[in-house]
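**Student:** Quick one, what's the 3D model for this:
(one chain, ligands or ions: 2)
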Amino acid sequence: MTMIEPARPSAAPALLADAAVRSLRAEAQLSPKPGLVDRRGGGAHDDMDLPLMLASAQALRPTFAQIAQAAGRTPAGVALREKLGVLGRRGEQAMVRATGGINTHRGALWALGLLVAAVAGGAADERAAARAAARLAALPDRRVPAGEPSHGEQARRRHGAGGAREEAENAFPHVTEVALPRLRQGRAAGLGEETARLDALLAVMSLLDDTCVLHRGGPDGLRAVRLGARRVLTEGGAGTASGRAALMELDNALRERRLSPGGSGDLLAAALFLDTVPWPERREQEVPACRR
Ligand SMILES: CC(C)(COP(=O)(O)OP(=O)(O)OC[C@H]1O[C@@H](n2cnc3c(N)ncnc32)[C@H](O[C@H]2O[C@H](COP(=O)(O)OP(=O)(O)OP(=O)(O)O)[C@@H](O)[C@H]2O)[C@@H]1O)[C@@H](O)C(=O)NCCC(=O)NCCS
Ligand SMILES: Nc1ncnc2[nH]cnc12
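**Tutor:** Ligands and ions are numbered 1, 2, ... in the order given. Model prediction:
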């Protein structure tokens, strides 16, 4: 295989893997998240809890490092896309080994894997990284094994939702245009970090075609998630008394209906990753821990 230098010196694979795992941990620990696993428990899931999510994040660390290494050595093209496919599928196996067969982070591995590859390939900032990830996502992977249609595939066929693949191919608009601006707006307004993150999650939930929700709840379920999240924000967000009351109401409704906005959780993790990544001017330093 031809080895070429990346366009810019990229962050060390271990540092990028650290940043990716930290973002997964931060997302999992953020509480109270409607319908999702958090410090309080499994949310709408009866087969997940916080220790499981943290074990899953940890199990993905070597995969993120291998992805960064491959992307730092291989020009962006079909060969790299196919290598990422192999590594991503191996990562999924590591995840299900760590969780006893439960799909905790498939969508997150896809989003973060592509973004880690984009950063390791020399992307200069978060928008460039999202665009580079989109180009990789759109390339063909001839090594995809045949198998049962995924939940996302079924939701796409039944409801026409683009899901995780379309989000990536469109350069992660819910990360760069929804979650990150909302996170920074919250911080600038003086909100605590947890509140700013919750509002960023709710902003994504209010807009996303989440195939995880569609699969379990159909279009009615998706409408309930979106309207409920919008209501929390119009009530003033997670940091106000009426916003918090609306959030807890939404949480109860999602648990009752077993609706889990897992795609939104994944995209919040992707936003937290881009927020802490060592861009070129910061690459001499260590990756800062996700803010608490
Ligand atoms: C392209 C792939 C992501 C595969 O996509 P596809 O849609 O075909 O497959 P799914 O298995 O359904 O996974 C998609 C997951 O992505 C998340 N998601 C959903 N909607 C969106 C969206 N609009 N934008 C972004 N992300 C989205 C979501 O992940 C979360 O939900 C998972 C749990 O879901 P589910 O399996 O349905 O589980 P349960 O509801 O618990 O099941 P039941 O109990 O009801 O049975 C969880 O993982 C969250 O993360 C979607 O589920 C990609 O994976 C792929 O092609 N991979 C191959 C390897 C590769 O090429 N990798 C390269 C880069 S590493
Ligand atoms: N906190 C969480 N709970 C359940 N599914 C998720 N997918 C991504 N984050 C999640």
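
**Student:** For Trp110, which residues are in contact?
**Tutor:** Gly88, Ala164, Ala168, Asp266 (Cβ atoms under 8 Å, 6 or more residues apart in numbering). For glycine as for every other residue, the C-beta is placed from the backbone atoms N, C-alpha and C.

**Student:** show me the contacts for Arg61.
**Tutor:** Ala17, Asp18, Ala20, Val21 are the contacts of Arg61 under Cβ under 8 Å, 6+ apart.

**Student:** and the contacts of Trp110 near ligand 2, which?
**Tutor:** Asp266 (Cβ under 6 Å from any ligand atom).

**Student:** Looking at the contacts of Trp110, which are in strands?
**Tutor:** Judged by DSSP state E, strands contain none of the contacts of Trp110.

**Student:** What lies in contact with stretch 63-80?
**Tutor:** By Cβ under 8 Å, 6+ apart, stretch 63-80 touches 1, 3-4, 6, 10-14, 16-17, 20-21, 83-84, 87-88, 90-91, 94, 109, 112-113, 116-121, 132, 135-136, 139-140, 142.

**Student:** near ligand 1, which residues of the stretch 1-150 of the chain show up?
**Tutor:** Residues of the stretch 1-150 of the chain lying near ligand 1 (Cβ under 6 Å from any ligand atom): 45, 84-85, 88-89, 103-110, 113-114, 141, 150.

**Student:** Just the buried ones from the residues you listed?
**Tutor:** Taking 16 or more other Cβ atoms under 10 Å as the criterion, what is buried in these is 45, 84-85, 88, 103-110, 113-114, 141.

**Student:** surely Asp251 meets Pro34?
**Tutor:** Yes: if you go by Cβ atoms under 8 Å, Asp251 and Pro34 touch, sitting 4.3 Å apart.

**Student:** where do the contact lists of these two overlap?
**Tutor:** Gly43.

**Student:** who has more neighbours, these two?
**Tutor:** Taking other Cβ atoms under 10 Å, Asp251 and Pro34 do not tie; Pro34 has more neighbours (30 against 21).
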